[in-house]
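> Based on what follows, work out the 3D shape:
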Amino acid sequence: MLTALRLANLALLILFPISWTAPLLRAGLLPLFGLSEISVLSGLASLWETDLLLALVVALFALVAPMLKTLGLALIHFGKAPPRLLPAISLMGKLAMADIFLIAIYITLAKGIGVGRVETAWGLYLFTACILASLAISHLTTASSRHKYSGGPGADPPA
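Residues are numbered from 1 along each chain as shown. Now for the predicted structure:
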């Protein structure tokens, strides 16, 4: 089980950066014009020019929180950090999930206005899958850690 969690978590170190460059959505003003693809990084670049505070918040939710969580879980999986860090890592996952919520709100608002056209793209699904996989890995790691240190079968004493 631990080997599968390690591999899945390490895969996220590759998949998260891919999801940041992948198109989250395609947006256009009118049906006659082409749609522009928007990714996490292109959206951050646009925000950086117009609203620095919002750009920093989105960078925290979309880039920093998921990577800190993934790296923290990797340290725990390989015995380089104690399992007592899991609550802090769980908080990082909640911050990362907030980004998906914000993107969903923006898409809903844009579609509700009705002036332009917004289509979701494959990157949104990849980014969402990465966040959900990270949450699942975190949950399974916490459950495994509790079982291991509660005296379950094959349990080692806490270090």
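
> ranges for the strands of the protein?
Applying DSSP state E to the chain gives strands spanning 25-28, 36-38, 117-120.

> Adding distance to Leu86 and mean neighbour count as columns, could you present the ones you listed in CSV?
Yep, even glycine has a C-beta here, placed from its N, CA and C like the rest. Listed next are the strands of the chain as CSV, based on distance: least, Cβ to Cβ, whole Å; neighbours: other Cβ atoms under 10 Å:
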stretch, distance to Leu86, mean neighbour count
strand 25-28, 33, 16
strand 36-38, 34, 16
strand 117-120, 32, 16
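
> Of all the ones you listed, which one is nearest Leu126?
strand 117-120 (11.3 Å; Cβ to Cβ).

> ok, that closest one: who's next to it in the sheet?
Applying DSSP bridges, strand 117-120 is found paired with strand 25-28 (antiparallel).

> Format the strands of the chain as a markdown table; extra columns: mean pLDDT.
Output for those, formatted as a markdown table (pLDDT from 0 to 100):
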| stretch | mean pLDDT |
| --- | --- |
| strand 25-28 | 81 |
| strand 36-38 | 85 |
| strand 117-120 | 81 |
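
> Mind checking those for the one nearest to Pro17?
Evaluated over the strands of the chain, closeness to Pro17 peaks at strand 36-38, with 16.8 Å, by Cβ to Cβ.

> Arrange the strands of the chain in TSV, one row each, with distance to Ile76 as further columns.
Below are the strands of the chain laid out as TSV (distance: least, Cβ to Cβ, whole Å):
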stretch	distance to Ile76
strand 25-28	34
strand 36-38	34
strand 117-120	34
